[in-house]
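J.: Here is the input, now give the coordinates:
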Amino acid sequence: MGTETEEWEASPAECEQGFLEGCLPDLIVQIGRDGMVLQILAGESVSMKTGKSLEEGLPPELATQFRGAVDQTLTTGQAQTFELQCPHVNPPEYKEARLMPCAGESVLVVIRNVTESRMLRLQAEQKQKQMEAALERIQQRSFLTSLAGGIAHEVNQPLNAIKVASDIILFWSRADRPLPPEKVLEYVETISEQATRIDSIIRHMRDLIKSQSASEKGHCLFHEAVWRAMTLLSKQLENHGIKVETVLEEQMRYVPLTTVQAEQIIINLVSNAMEALDHCARRHKMVRLSLTWDNEILLFRVADNGPGIDKTLQEEIFTPFFSTKKKDASLGLGLSLVRSMIEAAGGQVRVGSSPGNGAEFFLSIPGSEAPAAIREE
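T.: Numbers count the residues shown, from 1 in each chain. Sure, this is the predicted structure:
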């Protein structure tokens, strides 16, 4: 009596389920360059049988993936590792396949079920993203809090000018000695100019409040961000008795930061320098800002002549919640925010300092000509 060969026809889900079940805990199989299963050394699989090709036992997409990995392993002579997803199985499961070249134009394949570890990794990554998002929100609040004092000074100055001009007009009007029309017009123009200045400051603050995560994408001219940031800080620095020197090489090259992100970086660094100088007995207090370009790399420095930073703390200062200030004076997030935004832009930040000789922060950020989105505008 002859033996009848039974054709094996299985759905993709059945093939994948058999493949998965047979791989527990491990499946070790030898596969030839032609895709034939030469032998199964450990484990069992209804999808892979000795003498059968990969195409006979696996769904087409899995078979194609395996054949490509086999060819690459034999061509390069190096071990390959890739992950297999079986979407037809519910819930989807994942395998890790490691292929190693062996004798006779064949590869040794070790397959392990990594579904559980992959799910744990994804959960950990999701929690990490949630923590980072929460930290960014705290960083934003900390940044705005540190900026509040400077904004108050900036708004008070034009408010005082408006008050003085208004009081002069009111005084002479009530004294029945009205000012000449041209003098009234002069004071009204002063009031209008100072009101426009306040409006500009408020609009600027609104932009800052709306923003912005460290990972948000955008491009800006960094030197413009420097001028905008220093406009907000200039009065505060003056009130602290600090002289500012600014040397900017203004090129039409963009860095991968939004304008607000760039301003946050500058304000954080300058505010730190200002606070350090507040604890310094120097007669002449100085902050120096320098922006140059080294081919396609922007180099930005913020230096002060304050007390400096101890070498043992120069890496710790970039750690979230680390602060050298008095308890409750700072959340210790400013420099952490600076580093996260700079690194997200593909740049680097470092500090150079020695006690008594001030501190200098160095930023390097890759730049480019106007991005396509900006050119189209």
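
J.: how far is stretch 257-271 from where the chain is centred?
T.: 14 Å (Cα atoms, centre = their mean, to the nearest Å).

J.: again with stretch 178-192
T.: 51 Å.

J.: Show the pLDDT at Arg203.
T.: For Arg203, the pLDDT comes out at 74.

J.: what's the burial count for it?
T.: 9 (other Cβ atoms under 10 Å). (C-beta placed from N, C-alpha, C; glycine too.)

J.: and what of Glu315?
T.: Here the number of neighbours of Glu315 (other Cβ under 10 Å) works out to 11.

J.: need the contact list for Met341.
T.: Residues in contact with Met341 (Cβ atoms under 8 Å, 6 or more residues apart in numbering) are 214, 257, 261, 264-265.

J.: Checking Glu263 next. Helix, strand or coil?
T.: helix (DSSP: H, G, I helix; E, B strand; the rest coil).

J.: right, and it touches Trp227 too?
T.: No. Counting by Cβ atoms under 8 Å, Glu263 does not reach Trp227; the two are 9.9 Å apart.

J.: about what we covered before: so which one of the contacts of Met341 is the model least confident about?
T.: Confidence by pLDDT is poorest for Ala214 among those, given 48.

J.: quick one: what helix or strand has Phe361 in it?
T.: Element membership of Phe361 [criterion: DSSP states H and E] is strand 359-366.

J.: Just name whatever secondary elements that strand is in contact with.
T.: Judged by 3 or more Cβ pairs under 8 Å, 6 or more residues apart in numbering; DSSP states H and E, strand 359-366 is in contact with helix 259-278, strand 297-304, strand 348-353.

J.: Would you format these as CSV with mean neighbour count and distance to Met286 included?
T.: Formatted as CSV, the helices and strands packed on strand 359-366 follow (neighbours: other Cβ atoms under 10 Å; distance: least, Cβ to Cβ, whole Å):
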stretch, mean neighbour count, distance to Met286
helix 259-278, 24, 8
strand 297-304, 20, 7
strand 348-353, 17, 15
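
J.: Nearest approach to Ile242 belongs to which of these?
T.: Shortest distance between Ile242 and the helices and strands packed on strand 359-366, using Cβ to Cβ, is found for helix 259-278: 5.7 Å.

J.: roughly how far is that closest one from the heart of the chain?
T.: Centroid separation for helix 259-278 versus its chain: 18 Å, with Cα atoms, centre = their mean.

J.: What's the first helix or strand after that helix?
T.: That would be, after helix 259-278 and using DSSP H and E, strand 285-294.

J.: Neighbouring strands of that next one in the sheet, and parallel or not?
T.: Strand 285-294 pairs in its sheet with strand 242-248 (parallel), strand 297-304 (antiparallel), by DSSP bridges.

J.: between these, which one is nearest to Lys285?
T.: Closest approach to Lys285 among the strands paired with strand 285-294 (Cβ to Cβ): strand 242-248, 4.5 Å.

J.: Restricting to C-alpha, output the closest one in PDB.
T.: The C-alpha trace of strand 242-248 is given here as PDB (Å, rounded to 0.1, in the frame of the first residue of the first chain):
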ATOM      1  CA  ILE A 242      26.400  93.800  37.200                       C
ATOM      2  CA  LYS A 243      27.900  95.000  33.900                       C
ATOM      3  CA  VAL A 244      27.300  93.000  30.800                       C
ATOM      4  CA  GLU A 245      29.600  92.600  27.800                       C
ATOM      5  CA  THR A 246      28.100  91.000  24.700                       C
ATOM      6  CA  VAL A 247      30.000  90.000  21.600                       C
ATOM      7  CA  LEU A 248      27.800  88.300  19.000                       C
END
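
J.: buried set for it?
T.: Neighbour counts over strand 242-248 (16 or more other Cβ atoms under 10 Å) mark 242, 244 as buried.

J.: cool, and stretch 279-296?
T.: Buried-residue list, stretch 279-296, by 16+ other Cβ under 10 Å: 285-291.

J.: what about stretch 273-286, distance to the chain center?
T.: On Cα atoms, centre = their mean, the centre of stretch 273-286 falls 31 Å from the chain's centre.

J.: And the closest residue to Ile342 other than its chain neighbours, how close does it get to Glu249?
T.: Nearest residue to Ile342 in three dimensions, chain neighbours excluded: Val349, at 4.7 Å (Cβ to Cβ, 6 or more residues apart in numbering). When Cβ to Cβ, to the nearest Å is applied, the distance between Val349 and Glu249 equals 19 Å.

J.: and if you look at Leu337?
T.: Taking Cβ to Cβ, one finds Leu337 at 25 Å from Glu249.

J.: Pick out whichever of those two has more residues nearby.
T.: Leu337 (23 against 12).

J.: what distance separates the helix or strand hosting the more buried one from the centre of its chain?
T.: Using DSSP H and E, Leu337 sits within helix 334-344. In terms of Cα atoms, centre = their mean, the centre of helix 334-344 is found 7 Å from the chain centre.

J.: That helix to strand 297-304, inter-axis angle?
T.: Counting by axes from the mean of the first three to the mean of the last three Cα atoms, to 10 degrees, helix 334-344 lies at 170 degrees to strand 297-304.
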